[in-house]
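Colleague: can you look at this prediction? I've put the sequence above it.
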Amino acid sequence: MSGFAPEHDDRQRVRDASDIVAVVGEHLALKPKGREYVGLCPFHDDRNPSMCVIPAKQIFHCFVCGTGGDVFTFIQKYHSMGFRESLEYLAERGNIELTKFNPNGDPNNSGAGVPFEHTGVGKKEIMAANQAGQSFFQTILTHPEHGTLARSIIEKRGISHDMVERFAIGASPDRWDGLLKTAQAKGLNLDALIGAGLIKAKDSGGHYDALRNRLIFPICDQIGRVIAFGGRIMDEDDAPKYLNSPETPVFRKSTTLYGINHAQRAIKKERTAVIVEGYTDVIACHQAGVEHVVGTLGTALTKGHATVLRRLCDTVVLLFDGDEAGIKAADRAIEVLLSETIDIRIASLAGLTDAKDPDELLKRDGGAAIFTQVIAESVDLIKWRFDRLREELKEAGPARITQRIEEELAKLSELGLGELTPVRRSLMIRQVARAAQIEEGVVIAAIRTGRSRQRPSFTHQADIEQVDGEQESYVEHNWSPNARETLLGCLLYDANLWLLMSSDERELTSTTLYGSPLSRIVADALHSSAENGTGTGLHAVLDELAALGDETGKNLVEAEQRATMLRQFVARDSEAIASRVTRVFNECIGAVTMMDARNVMHRDTNGELTDEAAKLKAFIESQRMNRKKFGRSGKNMLSGE
């Protein structure tokens with residue numbers, strides 16, 4: 001297995017420069033708790049902070065879903081990256097120059113050459129195609145001929161040079177083959193550009209540019225990588241007005257928010273995210289100094305959006321147009337409110353200004369102050385819905401009012417009002433009752449009625465898997481460490497324990513003896529790390545897993561999580577006391593030895609012990625001596641000194 005000398009170890013240099021509290025804190029809201037930090041786990045539907053970040057060990061761990069690892073594991077999981085991508089991302093963050101990456105091991109290959117290899121189109125190729133597209137569009141914006149109209153529109157709309165640079169605004173030429181010819185001249189992979197939605201195929205043969213004669217707005221993920229593009233017409237006779245990239249392996253509209261890479265720090269600071277409708281609205285807000293603003297991409301607020309935002313804030317304010325489409329978008333947000341632990345409020349410009357959108361408002365004198373007032377006067381989503389209902393029914397009689405309120409309560413119940421956690425359900429019931437101006441008992445009764453009408457819910461994980469058609473291992477879902485796996489955890493916790501083990505004792509952790517595939521991978525990495533001389537500590541084993549992933553092309557993040565979990569189980573059970581870890585270690589050796597003896601020991605036809613059984617018997621005798629020294633098997637772990 002490959003390893004790096006300490007002075008050339010890119011992983012270690014990047015890890016040293018990437019404090020895990022700082023890195024995780026850039027993505028999630030963390031709160032100090034003793035010597036550690038806690039926050040909502042982004043890897044499952046976490047309602048109460050269950051993810052722990054441990055500065056002393058530079059690891060994170062969720063005690064609910066089991067996700068854990070070091071700073072590389074977090075970035076890989078959070079941003080769906082491979083190890084190399086996470087290494088490059090953290091290196092750029094820490095201003096560290098990496099050793100040139102040569103995946104083929106060819107000393108004559110420096111990694112330079114054409115931007116894409118013709119080896120199929122995956123995430124890496126699409127991301128590179130998007131980067132090439134962004135460079136092309138930015139070049140066109142500055143072109144003396146092809147960028148003239150785009151520059152005049154930007155100037156007319158009052159977008160500053162700083163905002164053009166910050167949001168990397170570009171332009172596409174008024175021709176069918178501008179990007180296509182540039183790609184061909186530079187030898188770019190056409191399949192990658194097609195996969196990114198930048199080039200399209202003609203029915204009659206040949207290809208053409210997907211975005212033509214448009215102002216181009218790159219759409220970035222949370223760390224600023226270009227994942228798609230939005231194009232706005234420059235000729236008012238063209239259609240449609242806005243055109244986005246198609247969904248790709250790196251871009252999903254339902255989870256992407258325009259401007260999130262620039263807004264996330266302000267969102268965390270304000271604990272609130274404001275959502276507007278258009279690219280120019282987002283840019284206008286940021287230009288005015290209101291930076292906790294993002295935009296949806298032609299969709300209503302989705303559960304995917306809420307999942308991203310609830311990691312950063314507590315409240316989302318929807319600032320949609322007051323037209324029918326805007327009202328429908330706000331209405332659909334109720335599903336998000338009842339599925340994610342985040343508060344949603346509705347704001348409207350109407351009543352405070354005649355400006356049709358934030359872009360127009362913020363160009364006016366005093367517009368920023370009015371905008372701030374609009375957000376401050378936003379209304380809770382539940383109240384907004386019932387206010388509209390009362391407006392609808394102001395001329396109606398008691399029968400009609402009763403019918404509509406019952407319909408609204410039934411809808412809330414169907415959407416999951418009764419399935420919330422007890423505290424949140426109680427708060428929501430009180431909120432609904434206040435908004436509807438009825439007794440809380442009436443809301444509770446409506447929830448019970450709604451439950452009786454709903455189909456039975458699935459409570460067993462196996463049932464859920466069967467319904468969803470998943471083919472995952474049930475055993476792995478219900479996994480908990482046995483004695484042999486706890487032995488691994490001890491070695492991951494304290495690398496010195498490996499040095500105390502005899503060759504026979506080390507055989508107890510042989511890869512083939514683990515029933516769990518993930519534990520087998522961890523055991524294999526641990527043995528390789530020990531053989532390389534880097535030890536069996538958690539970080540050394542995580543590095544070994546990363547190297548194995550690089551060599552095999554496999555994503556071993558789940559194995560990294562398993563290693564972290566094993567270490568954390570030992571840390572928890574031993575209360576991180578060194579003497580107790582040693583005791584657990586010796587008890588595990590004794591327990592595993594006895595288990596193997598029962599499984600293997602047998603006698604020959606003459607009643608004598610076989611050679612293999614005799615060796616085991618001698619080994620057991622040595623373990624009895626150890627137990628006299630360190631503790632008795634059968635006595636509860638950590639029950640006393």
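Modeller: Thanks, I have it. From a predicted model like this one, the values you see are computed outputs, not experimental measurements.
Colleague: can you confirm A239 is in a helix?
Modeller: No. Going by DSSP: H, G, I helix; E, B strand; the rest coil, the assignment for A239 is coil, not a helix.
Colleague: how near is it to G231?
Modeller: Separation of A239 from G231 (C-beta to C-beta, to the nearest Å): 12 Å. The way it works is simple: take the backbone N, C-alpha and C, and place the C-beta from them, glycine included.
Colleague: how about P49?
Modeller: 41 Å.
Colleague: of those two, which one has the most company?
Modeller: A direct count of neighbours by other C-beta atoms under 10 Å for P49 and G231 places G231 higher, at 24 against 17.
Colleague: bridging residues for that one?
Modeller: In this structure, G231 bridges to I216, L243 when assessed by DSSP bridges.
Colleague: quickly list what V379 is bridged to.
Modeller: Going by DSSP bridges, V379 forms beta bridges with I346.
Colleague: contacts only, for it.
Modeller: Going by C-beta atoms under 8 Å, 6 or more residues apart in numbering, V379 touches R345, I346, A347, D387.
Colleague: tell me the one of those residues nearest R310?
Modeller: Closest approach between those and R310, by C-beta to C-beta: R345, at 14.3 Å.
Colleague: ok, the closest one - contacts?
Modeller: Counting by C-beta under 8 Å, 6+ apart, R345 has contacts T315, V316, V317, L318, S378, V379, D380, L381, W384.
Colleague: low-confidence stretches in the stretch 51-200 of the chain?
Modeller: Where the stretch 51-200 of the chain drops to pLDDT under 70, the residues are 80, 100-120.
Colleague: kindly apply the preceding question to the chain instead.
Modeller: Checking the chain against pLDDT under 70 turns up 1-8, 80, 100-120, 321-326, 416, 418-421, 447-478, 553, 600-641.
Colleague: centroid residue for it?
Modeller: Y78 (3.2 Å; C-alpha atoms, centre = their mean).
Colleague: now the helix or strand harbouring it: buried residues?
Modeller: If you go by DSSP states H and E, Y78 is part of helix 71-79. Buried residues in helix 71-79, defined by neighbour count with 16 or more other C-beta atoms under 10 Å: V71, F72, T73, F74, I75, Q76, K77, Y78.
Colleague: between those residues, which is nearest L487?
Modeller: The closest of the buried residues of helix 71-79, once distances to L487 are taken by C-beta to C-beta, is T73, at 22.4 Å.
Colleague: the closest one contacts L542, correct?
Modeller: Yes. If you go by C-beta atoms under 8 Å, T73 and L542 touch, sitting 7.0 Å apart.
Colleague: run through who's touching stretch 34-52.
Modeller: In contact with stretch 34-52 (C-beta under 8 Å, 6+ apart) are residues 21, 24-25, 27-31, 33, 53-56, 60-65, 67, 77-78, 307, 310-311, 341, 421, 424.
Colleague: distance between the ends of it?
Modeller: In stretch 34-52, first residue to last residue: 11 Å (C-alpha to C-alpha, to the nearest Å).
Colleague: now that stretch, how far from the chain's geometric center?
Modeller: Relative to the centre of its chain, stretch 34-52 is centred 13 Å away, using C-alpha atoms, centre = their mean, to the nearest Å.
Colleague: check stretch 134-150 too.
Modeller: Centre to centre, stretch against its chain (C-alpha atoms, centre = their mean), the figure for stretch 134-150 is 35 Å.
Colleague: and the end-to-end length of it?
Modeller: End-to-end for stretch 134-150, by C-alpha to C-alpha: 15 Å.
Colleague: before we move on, the earlier item: now list the buried members of the contacts of R345.
Modeller: Buried members of these, scored by 16+ other C-beta under 10 Å, are T315, V316, V317, L318, S378, D380, L381, W384.
Colleague: looking at those residues, which are in strands?
Modeller: T315, V316, V317, L318, D380 (DSSP state E).
Colleague: was I right to think V443 contacts L409?
Modeller: Yes. Look at V443 against L409 with C-beta under 8 Å: they come within range, at 6.3 Å.
Colleague: kindly format the C-alpha coordinates of the longest helix seen in the chain as CSV.
Modeller: Counting residues, the longest helix in the chain under DSSP state H turns out to be helix 578-600. Coordinates of each C-alpha in helix 578-600 appear next as CSV, following Å, rounded to 0.1, in the frame of the first residue of the first chain:
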residue,chain,number,x,y,z
ALA,A,578,-6.1,5.4,29.1
SER,A,579,-6.1,2.6,31.7
ARG,A,580,-9.7,1.8,30.9
VAL,A,581,-8.9,1.6,27.2
THR,A,582,-6.1,-0.9,28.0
ARG,A,583,-8.5,-2.9,30.1
VAL,A,584,-11.1,-3.0,27.3
PHE,A,585,-8.3,-4.0,24.9
ASN,A,586,-7.3,-7.0,27.0
GLU,A,587,-10.9,-8.1,27.7
CYS,A,588,-11.5,-8.0,24.0
ILE,A,589,-8.4,-10.2,23.3
GLY,A,590,-9.6,-12.6,25.9
ALA,A,591,-13.2,-12.7,24.6
VAL,A,592,-12.1,-13.1,20.9
THR,A,593,-9.6,-15.8,21.9
MET,A,594,-12.3,-17.9,23.7
MET,A,595,-14.8,-17.4,20.8
ASP,A,596,-12.2,-18.6,18.3
ALA,A,597,-11.3,-21.5,20.5
ARG,A,598,-14.9,-22.7,20.7
ASN,A,599,-15.3,-22.4,16.9
VAL,A,600,-12.0,-24.1,16.0
